[in-house]
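Undergrad: The sequence isn't on hand, but the structure is:
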């Protein structure tokens, strides 16, 4: 008989710790992989634009290129959403805020000391 060469699946859940990270095999709350992520390297320009693609015509304001790590980016997103009075999220290092708030966010980000450009239409 031939030996099976299939890999053994790593533990994904443990009753002792809960969910386990598949990459580092540690509990998700103490995962070493996710804590090491840093801000993406950019050109130092924060871009503010509007996008409707994939949202059934609903527009969102996109803020990209912010040179902050994940924790500070989420704090900034929370402050900007509060300033605009609307919801939003963070996806792949970009902040999405529901509605068209480009002018307000452009001024707010400039006041915070970043070099800001409008992008898109």
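TA: Sure, I can see it. Predicted model, so just to flag it, every value in this text is computed and none were measured.

Undergrad: Correct me if wrong, but residue 90 is in a strand.
TA: Yes: Residue 90: assigned to a strand according to DSSP: H, G, I helix; E, B strand; the rest coil.

Undergrad: can you give me the helices in this protein?
TA: Counting by DSSP state H, one finds helices in the chain at the ranges 32-35, 70-84, 102-111.

Undergrad: Just send those helices back as CSV, with mean neighbour count and mean pLDDT too.
TA: All C-beta spots, glycine's among them, are computed from the backbone N, C-alpha and C. Below are the helices of the chain laid out as CSV (neighbours: other CB atoms under 10 Å; pLDDT from 0 to 100):
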stretch, mean neighbour count, mean pLDDT
helix 32-35, 11, 64
helix 70-84, 15, 93
helix 102-111, 16, 94
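
Undergrad: and residue 110, what does it touch?
TA: By CB atoms under 8 Å, 6 or more residues apart in numbering, the residues touching residue 110 are residue 116.

Undergrad: hmm, back to that, and the helices of the chain as a markdown table, adding distance to residue 44?
TA: Formatted as a markdown table, the helices of the chain follow (distance: least, CB to CB, whole Å):
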| stretch | distance to residue 44 |
| --- | --- |
| helix 32-35 | 25 |
| helix 70-84 | 16 |
| helix 102-111 | 13 |
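
Undergrad: how near is residue 120 to residue 61?
TA: Shown here: residue 120 relative to residue 61, a distance of 10 Å by CB to CB, to the nearest Å.

Undergrad: Need the residues touching each of those two.
TA: 49, 50.

Undergrad: Show me which of these two is the more surrounded one.
TA: Comparing residue 120 with residue 61 by other CB atoms under 10 Å, the one with more neighbours is residue 61, at 25 against 11.

Undergrad: Show me what that one is bridged to.
TA: Residue 61 has these beta-bridge partners by DSSP bridges: residue 50, residue 97.

Undergrad: Would you mind splitting the chain into its domains for me?
TA: Under the assignment automatic domain parsing, the domains of the chain span 11-37, 45-118.
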